[in-house]
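Enquirer: For reference, the sequence and a predicted model appear below.
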Amino acid sequence: MSTKGMQLGVYSFGDRHPDPVTGERVSVADKLAQTVERIKLADELNLGFYGLGEHHLADYSISNTPMWDSSHAR
């Protein structure tokens, strides 16, 4: 892939905000599994990147991006 010009991609913190109707929150394990599926889809669609941010709050599932990166490297 060329690095010239703008790239289209996705950036995520693995947000786990409560559902506005039910108030239920997706589990961390489910949100991480969903994130892996979204990364695979982004790759299939040839997006330029899938960025992961980290937060140390209950509303986010990704709290250590270097560990995440190493455990999901291909």
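Expert: The structure has been received and is ready for your questions.

Enquirer: how much space between Arg25 and Val36?
Expert: Distance from Arg25 to Val36, counting by CB to CB, to the nearest Å: 19 Å. Bear in mind the C-beta positions are built from the backbone N, C-alpha and C, glycine included.

Enquirer: Could you do Met6 as well?
Expert: Note on Met6: its distance to Val36, by CB to CB, is 26 Å.

Enquirer: what do you get for Gly5?
Expert: Here the criterion is CB to CB. By it, Gly5 lies 28 Å from Val36.

Enquirer: Counting neighbours, go ahead and name the busier of those two.
Expert: Neighbour count, other CB atoms under 10 Å: between Gly5 and Val36, Val36 has more, with 12 against 6.

Enquirer: where's that one, which helix or strand?
Expert: helix 28-44 (DSSP states H and E).

Enquirer: Go through that helix and flag the buried ones.
Expert: Neighbour-count burial for helix 28-44 flags Lys31, Leu32, Thr35, Ile39, Ala42 (criterion: 16 or more other CB atoms under 10 Å).

Enquirer: Excluding chain neighbours, what is closest to the third one?
Expert: Distances taken as CB to CB, 6 or more residues apart in numbering put Gly14 closest to Thr35, at 5.5 Å, once the chain neighbours are dropped.

Enquirer: Neighbours of the one you found, how many?
Expert: As a burial measure, Gly14 scores 22 neighbours (other CB under 10 Å).

Enquirer: What strand or helix carries the spatially closest residue to Glu24 that is not a sequence neighbour?
Expert: Leaving aside its chain neighbours, Glu24 sits nearest to Pro18 (6.6 Å; criterion: CB to CB, 6+ apart). Assigned by DSSP H and E, Pro18 falls within no helix or strand.

Enquirer: and Pro18, how many neighbours?
Expert: Neighbouring residues of Pro18 were enumerated by other CB under 10 Å; the total is 11.

Enquirer: Fine by me, thanks again.
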